[in-house]
Every structure is written in C-alpha cells, then in structure tokens.
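Asks: Return atomic coordinates for the entry below.
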Amino acid sequence: MNLLPNALLQRALEWASLWGVPELLEGMSIKRNRRLRTTVARWIEEKKCVELGPRFFSLNKHQSDVLCHELAHAAAVQLHGKSISPHGSEWCALVRAAGYAPSSKLRSARNMTGISGTRTSSTQYEHRCLVCHTVRYAKRRMISWKCVECVRSGLSGQLEIRRLQGRGNR
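Replies: Now for the predicted structure:
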C-alpha cells in the first residue's frame with residue numbers, strides 16, 4: 001500500500017468505515033501495473049487487488065476519484081456478493097456516499113494523457129462495450145475483441161461494432 005500517498009490511504013480507510021466495511025483494506029494489495037494502457041486502474045476480485053496503471057500516477061487531482069471507484073467495487077462485492085453488476089446500483093450508492101459521481105469513465109484524464117485507444121483520422125470502426133461503454137477504435141472490424149474488464153467480471157464482454165462516418169469513410 002506504500003504506492004499511495006498517506007492522505008489518499010487515509011481517505012481509503014475513511015471510505016471503508018463509511019461503507020460499513022472497516023476491514024476492507026485488510027488482505028488487499030495495491031500494485032502498479034505498467035501494462036495498463038487504456039485503463040487507469042482496476043479491481044481484480046480473485047486476487048483482492050487494485051492495480052494502478054501509469055495514467056493513475058500522472059493524475060494530479062483525480063487519484064482519489066479513481067481509487068474510490070475501485071475500492072467501491074471491492075466493498076460492493078463484500079457487502080452484496082459477486083452476483084451484482086460491476087457498475088450497478090449497489091456500487092453507485094457507495095460511490096455517491098463517498099461524495100463522488102458514479103462513472104465508469106474518467107473523461108478529463110483521457111483527454112489530458114492521449115491514450116492509445118483514442119480515435120485517429122484513419123479509424124473506421126468503433127467497438128463499444130454494451131455494459132460499461134468502453135470504446136476502442138480500429139481501421140477494421142475486430143470481431144474477436146471483447147471488453148477485458150467485463151470478461152474479468154464474469155460478463156460476456158460483447159462489443160457493438162459501428163462503422164464511423166467521416167473523412168475517407170463515405
């Protein structure tokens with residue numbers, strides 16, 4: 001847990017207490033994962049682990065939003081069981097109780113850091129997750145792609161593929 005500044009770790013302990021799971025951080029690991037490119041952070045239930053990608057450490061004012069989001073996943077499962085929806089009403093209630101707006105996207109961070117999943121002028125297809133609405137772009141239809149986060153959560157990870165209209169696509 002020494003990856004986190006003391007102030008952020010203290011907030012995490014406060015959220016756990018607020019949510020009625022003061023033991024939430026016990027037995028949990030928080031690790032850096034340099035391979036996360038399109039995801040800022042993620043909760044892996046099987047490992048009881050929050051993984052933080054490179055983009056997490058480049059955020060200045062949104063680190064607490066992201067950490068709250070991931071810890072709310074852990075708390076929701078602990079309180080309500082594994083059968084709940086990842087961004088369902090139970091999770092939303094926890095995020096709201098901590099004082100944040102429930103969202104599965106950190107839009108301002110995406111615009112600031114220029115991640116690899118952003119659209120380029122040669123992009124012709126949008127691949128959007130039907131559950132969490134994560135978007136990936138490609139020059140061609142990628143029917144084998146699945147939403148990694150949703151598949152990890154036990155969902156199908158089915159992506160809706162849409163041809164984009166624009167320069168060179170008419």
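
Asks: mind checking how far the nearest residue to Lys82 once chain neighbours are set aside is from Pro102?
Replies: Excluding the flanking residues, the one nearest Lys82 by Cβ to Cβ, 6 or more residues apart in numbering is Glu45, at 6.8 Å. C-betas here are computed from N, CA, C, even on glycine. For Glu45, the distance to Pro102 equals 19 Å [Cβ to Cβ, to the nearest Å].

Asks: can you map out the helices along this structure?
Replies: For the chain, the helices defined by DSSP state H cover 6-18, 54-58, 63-80, 89-97, 107-113, 148-152.

Asks: Can you tell me what sits against the fourth one?
Replies: The one in question is helix 89-97. By Cβ atoms under 8 Å, 6 or more residues apart in numbering, the residues outside helix 89-97 that reach it are 15, 18-19, 68-69, 72-73, 75-76, 79-80, 84-85, 101-102.

Asks: cool, the first one as well?
Replies: Contact partners of helix 6-18, identified using Cβ under 8 Å, 6+ apart, comprise 1, 4, 22-25, 63-64, 67-68, 71-72, 75, 94, 97-98.

Asks: Compute the inter-axis angle for it and helix 63-80.
Replies: Helix 6-18 and helix 63-80 are oriented at 30 degrees to each other (axes from the mean of the first three to the mean of the last three Cα atoms, to 10 degrees).

Asks: domains for this protein, by residue range?
Replies: Here the domain parsing of the chain from automatic domain parsing is 6-112, 125-163.
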